[in-house]
Every structure is written in C-alpha cells, then in structure tokens.
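A.B. asks: Next one to model:
(one chain, ligands or ions: 1)
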Amino acid sequence: MNLAEYKGVFVFAQQVDNKISGIAFELIGKGKDLAKDLNTEVTAVLVGSGVKELADQLAEYGADRVIVVDDPELKEYRTEPYTHALASVVEKYKPEIFLIGATAIGRDLGPRVCARIHTGLTADCTQLDIGDFPLNPMPGREQKHNQLLMTRPAFGGNTIATIACPEFRPQMATVRPGVMQKLPREAGRKAVVEEFNPGFTPNDKYVEILDIVKAVTDTVDIMDAKILVSGGRGMGGPENFKILEELAEAIGGTVSCSRAVVDAGWKPKDLQVGQTGKTVRPNVYFAIGISGAIQHLAGMEESDIIVAINKDESAPIFDVADYGVVGDLNKIVPLLTEKIKAANAAKNQ
Ligand SMILES: Cc1cc2nc3c(=O)[nH]c(=O)nc-3n(C[C@H](O)[C@H](O)[C@H](O)COP(=O)(O)OP(=O)(O)OC[C@H]3O[C@@H](n4cnc5c(N)ncnc54)[C@H](O)[C@@H]3O)c2cc1C
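C.D. replies: All right, here's what the predicted structure looks like:
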C-alpha cells in the first residue's frame, strides 16, 4: 500500500428517509479541524436514492466536496449495498481519513467497510487529533508524523487509550452522536458535487426488506434537551422519580438517568446518559443521586453547567460539578422545585 496516494478527510453523511442525520454535520465539523492540520479538504459521502439535493446542506455546514452515490438499491439502509458503495468510494478516491457516525447504521457499516478494504477502525472515539505516533519517541521505532490519533475509553472505561493506524489507509474511526460539534450554518455556501455509481448487482447478500415498522415514542430525545434532570441509584426506586419530574416540569427540563437506573428497570434505556448511553451537552445538567462514575461522566461532562445533589461529599460527581449540594435528595429536590415554582409565579405576576 502506497500511503502517500491517500489524501483528504472523508466523512459518511448518514441520511435516513432522505433526511440528513445530525451526526453528519458533527463529523464535518471535526473533519474541518483535522483537514486544517493536514492542509487538505473535507469530502462528505452521501449514499442513498434520490439524495442529490441534500448535498447543499452538507456544503452549508462545511463540506468542501460531496460525493453522491445514488441508486435505487440504496433507498433503505442495507449492509451489503452500502458497504459496496463506501468500499468503492475508498478504492476510487483513496481518502487518508474516513469518519463514520457510531449510530446503529454506522456501527454495522464501519467494520464491514474496513474489513473489505483491509484497514483498521477505532470505534466510539471521544477525541480525534493529528499528531505523532508513537506519542513519545521510542528507540528503534520510527515516529510517524501527521497521524490520526484516535482516543477512546478502554478496559471498561477505566482508562483512556490513544490508537493510531500508521501502516494502512484510510485511518478509520467511528464517533458517537453528540461528541463533536457542528459548525454554524453558512447559508448559500457551495461544495463541488460529484456523482459516482460503482454499479449495484443484487446478490444473495442483499437482504430483502419486507416491511418497515417504525418505533413510536412519546419521550423527548434527551440529546436535544436544554435542561436535563438526571437521577441515579440514589433515587431509591422508580416511584421516587416523581420528584424529578416535578422539578423538570418547573424548569422546563427533561428527565434522564444513569445506567444503574436502567439496569434496575426503573427507566428505559433511551434515557441513559453515559458511555453506553447517550452523550448530552445541555445548558444545565442536574445529577441527583448519581455518584459520578467515569462511564457516566463520559456522557455529560461537556454540559455547560452541572449541578450535583448527593449525600456523600466525597462523591466524584462533585469534581466536575459547578454547583454542589451535599444532603438528602428527598429533602433538597422538593425544596428546590418549590423555590423555582415560587420564582416562576413571581415572574408571571
Ligand atoms: C463498560 C461500562 C459502561 C458503562 N456505561 C455507563 C453509562 O453509559 N452510564 C452510566 O451512568 N453508567 C455506566 N456504567 C456504570 C457505572 O460504572 C456506574 O456503575 C453507574 O454510573 C452508577 O450509577 P449511579 O451513579 O446512579 O449509582 P451509584 O454509583 O450507586 O451512586 C448512587 C449515588 O447516590 C447517592 N445517594 C444515595 N442516596 C442518596 C440520597 N438520599 N440523597 C442524595 N444522594 C444519595 C450516593 O451517595 C451515591 O453517590 C458503565 C459501566 C461499565 C463497566
């Protein structure tokens, strides 16, 4: 493999039902940082059927070029034709870096593509940088420059590992939604749009979709909430979440929770914050009866303001909290709700 042939930062611009997923814009945002360090451009790869007109949106969020792979076989996501589309793009355009969202689709697609084109993939990265690898010079080992340094939690989240792929290209990583930030939209910004179709011949690996049943949910996506009122095992039981719902209602927030709560069956997985749940970045995050395990912090420490309520003053959540209250949540939360309601009433008079 001639590594010098591989150039540019590529991102998979995931779309579902011809609507671009937020992760595509987030990856473009991060891709721009990396591309700047490498003095190159960001290319978004848009795969689907009848998706060409979505290219402008990708340009407005920073894509310099959009490669559109448009074919009726790509209408709904299926592993085989999408893998063929992406592997063919890599073979033709030879990107140096390829980023994919760690969504349900990306987690299926990324490993399949990297196996087919014979490179590595680092899953669920929380940080991406360009730098030297090995990080520190080692006797007898060449230190390569301008490598993609992919950082992610390792060993069950108890340590952080930085991984590189110095011998193969492209360097591939998946990133969970909510971890990177999209750029502000620049209306009217244009990208070079290129159409590419490697040809799709159905074979016995093309799954036949008989029916699509969409899950109906009446809960707000916690990733979109501006204020989250999050409860942990310290809540003591599912019935006690009522006091969190009352607090959330008083301040216009949404209830979320730790994994201990989901494991206990008190709340659905959709509401879980953390390494194996969702990554959130609200304006205000209340951590109530949550100890602050590293796997929980991984999903919320980028929140603008963190308020912790815990009866244990040595709980690690206080290390990341902007405001901390040490005491029994059963007393503090209703009192807080009462004060907020009184303040709201005074404002509305
Ligand atoms: C691979 C892996 C992935 C993981 N992913 C996640 C993840 O995505 N999200 C996640 O949250 N966890 C995750 N975990 C689990 C994580 O390690 C912790 O076990 C979990 O976060 C603990 O949840 P908790 O803080 O609610 O409970 P605990 O750690 O039991 O903390 C409860 C807290 O409540 C306080 N408390 C108790 N009673 C009261 C009271 N009356 N008033 C005030 N405070 C009180 C206690 O002092 C304590 O600090 C993961 C673990 C592993 C190994």
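A.B. asks: Not counting sequence-adjacent ones, nearest residue to Phe200?
C.D. replies: Glu73 (4.0 Å; C-beta to C-beta, 6 or more residues apart in numbering). Every C-beta, even on glycine, is put in place using the N, C-alpha and C of the backbone.
A.B. asks: cool, and Asp71?
C.D. replies: Phe200 (5.1 Å).
A.B. asks: check contacts around that neighbour.
C.D. replies: Counting by C-beta atoms under 8 Å, 6 or more residues apart in numbering, Phe200 touches Asp71, Glu73, Leu74, Pro81, His84, Ala85.
A.B. asks: hey, which strand is longest across the chain?
C.D. replies: strand 144-154 (DSSP state E).
A.B. asks: quick one on the thing from earlier: redo the contacts of Phe200 as CSV? Include secondary structure, neighbour count and pLDDT.
C.D. replies: Below are the contacts of Phe200 laid out as CSV (DSSP: H, G, I helix; E, B strand; the rest coil; neighbours: other C-beta atoms under 10 Å; pLDDT from 0 to 100):
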residue, secondary structure, neighbour count, pLDDT
Asp71, coil, 17, 98
Glu73, helix, 17, 97
Leu74, helix, 21, 98
Pro81, helix, 24, 98
His84, helix, 25, 98
Ala85, helix, 26, 98
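A.B. asks: Tell me the secondary structure at Met172.
C.D. replies: Applying DSSP: H, G, I helix; E, B strand; the rest coil to Met172 yields a three-state assignment of strand.
A.B. asks: residues in contact with the closest residue to it other than its chain neighbours?
C.D. replies: In space, and not counting its chain neighbours, Met172 is closest to Leu121: 4.2 Å by C-beta to C-beta, 6+ apart. Going by C-beta under 8 Å, 6+ apart, Leu121 touches Gly110, Pro111, Cys114, Met172, Ala173, Thr174.
A.B. asks: who's in contact with the residue nearest to Phe200?
C.D. replies: Glu73 touches Ser49, Pro81, Phe200, Pro202, Tyr206, counting by C-beta under 8 Å, 6+ apart.
A.B. asks: Give the burial count for the last one, as a bare number.
C.D. replies: What that stands for is Tyr206. Applying other C-beta atoms under 10 Å, we find 15 residues neighbouring Tyr206.
A.B. asks: Enumerate every residue touching it.
C.D. replies: Glu73, Arg78, Glu80, Pro81.
A.B. asks: How about Glu5?
C.D. replies: Residues in contact with Glu5 (C-beta under 8 Å, 6+ apart) are Lys94, Arg169.
A.B. asks: Report all helices and strands that the helix ranked longest in the chain contacts.
C.D. replies: In the chain, assigned by DSSP state H, the helix with the most residues is helix 329-348. Judged by 3 or more C-beta pairs under 8 Å, 6 or more residues apart in numbering; DSSP states H and E, the packing partners of helix 329-348 are helix 241-251, strand 305-310.
A.B. asks: okay, those, which one's buried deepest?
C.D. replies: Of all these, strand 305-310 carries the top mean neighbour count, a mean of 22, counting by mean count of other C-beta atoms under 10 Å.
A.B. asks: which stretch of helix or strand covers the one residue in the stretch 1-150 of the chain that gets nearest to the ligand?
C.D. replies: Using C-beta to the nearest ligand atom, the single residue of the stretch 1-150 of the chain nearest to the ligand is Asp124, 10.8 Å away. Asp124 belongs to strand 121-125 when elements are defined using DSSP states H and E.
A.B. asks: Run the chain-centre distance for that strand.
C.D. replies: Chain-centre distance of strand 121-125: 11 Å, with C-alpha atoms, centre = their mean, to the nearest Å.
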